[in-house]
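> sequence first, predicted coordinates after that:
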Amino acid sequence: MANDVSPRWDRKMQQRLTRGEAAALGELYDRFASLVHGLAYRVLDDEAAADRITRDIFGYIWEHPDAYDPKQGPLRSWVASITHRQAVRRLRETESELLGEGGESGTAERIEKKVRAASAAARADYIRNSMPAPLRAALELAYFKHLDYRQTAADLGVTEDEARRRLRLGLQLLSTAHVDSAVPGSGQAAPPLPPGQGSAL
């Protein structure tokens with residue numbers, strides 16, 4: 001995917017974090033903070049809660065760099081996965097408190113419906129921001145400027161067939177957001193943050 005870095009960078013970053021290099025954490029933060037905050041905000045629709053999750057996620061990574069296994073997939077996907085999991089946990093807690101106070105029936109069902117919708121939206125954002133730039137550009141022209149494939153082709157300077165191909169592939173990728181609402185992970189389980197890390201969420 002376009003924004004992923006090389007597996008070698010992932011391995012070296014994990015090794016540097018394991019050695020306790022503060023500069024490595026700063027570099028990781030610079031690269032992934034907008035991803036973490038964006039995903040958390042997309043799920044929670046709450047700036048302060050997204051800020052707290054961002055702090056907790058990077059604190060967790062700093063204290064548990066060995067929780068990431070480079071053999072299981074990209075570091076970016078793992079970071080997205082643990083962020084999504086933590087944001088969903090916070091959303092469930094918040095919604096339970098709000099709906100529980102009102103004594104409304106069907107609380108669990110309402111919470112899960114909101115969680116599924118937020119997760120699908122977060123996954124769609126992740127997919128769009130991570131897809132190759134040519135596909136993303138075609139989709140953005142079609143969606144935001146309401147261009148058809150002919151106009152998209154002219155704007156991008158490609159053939160109409162190529163514009164159709166890019167739009168089709170981009171839409172196929174986006175369609176997976178509603179099939180599985182989890183943010184794409186690395187294939188490994190995203191561990192819950194330990195009690196001290198997630199308690200503020």
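Structure received. Numbering: from 1, shown residues only.
> all helices of the protein, in order?
Secondary structure of the chain (DSSP state H): helices at 7-18, 22-44, 47-63, 75-102, 107-130, 133-144, 149-156, 160-175, 195-198.
> show me what counts as buried in the fourth one.
What that stands for is helix 75-102. 75-91, 94-95, 99 (16 or more other CB atoms under 10 Å). In this view, the C-beta of every residue, glycine as well, is placed from N, C-alpha and C.
> so how far is that helix from its chain's centroid?
Computed by CA atoms, centre = their mean, to the nearest Å, the chain-centroid distance of helix 75-102 equals 12 Å.
> now that helix against helix 7-18, angle please.
In terms of direction (axes from the mean of the first three to the mean of the last three CA atoms, to 10 degrees), helix 75-102 departs from helix 7-18 by 60 degrees.
> just checking, what packs against helix 75-102?
For helix 75-102, the packing partners by 3 or more CB pairs under 8 Å, 6 or more residues apart in numbering; DSSP states H and E come out as helix 7-18, helix 22-44, helix 47-63, helix 107-130.
> pLDDT on the longest one, on average?
Averaged over helix 107-130, pLDDT sits at 76.
> residues of it that come out buried?
Neighbour-count burial for helix 107-130 flags 111, 114-115, 118-128, 130 (criterion: 16+ other CB under 10 Å).
> let me know the closest of the residues you listed to Arg11.
Ser130 (19.9 Å; CB to CB).
> wait, Gly170 touches Ala137, no?
No: using CB atoms under 8 Å, Gly170 makes no contact with Ala137, being 9.2 Å away.
> the more surrounded of those two?
Gly170 (23 against 17; other CB atoms under 10 Å).
> for the more buried one, what are its contacts?
Taking CB atoms under 8 Å, 6 or more residues apart in numbering as the contact definition, Gly170 lies against Met131, Leu135, Arg136, Ala138, Leu139.
> same thing but 10 Å
Neighbouring residues of Gly170 by CB atoms under 10 Å, 6 or more residues apart in numbering: 127-128, 131-132, 134-140, 142-143.
> what subset of those is buried?
Buried among these (16+ other CB under 10 Å): Ile127, Arg128, Met131, Pro134, Leu135, Arg136, Ala137, Ala138, Leu139, Ala142.
> redo those residues as JSON lines? Include distance to Ala50.
Below are these laid out as JSON lines (distance: CB to CB, whole Å):
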{"residue": "Ile127", "distance to Ala50": "19"}
{"residue": "Arg128", "distance to Ala50": "18"}
{"residue": "Met131", "distance to Ala50": "23"}
{"residue": "Pro134", "distance to Ala50": "30"}
{"residue": "Leu135", "distance to Ala50": "27"}
{"residue": "Arg136", "distance to Ala50": "23"}
{"residue": "Ala137", "distance to Ala50": "27"}
{"residue": "Ala138", "distance to Ala50": "29"}
{"residue": "Leu139", "distance to Ala50": "25"}
{"residue": "Ala142", "distance to Ala50": "29"}
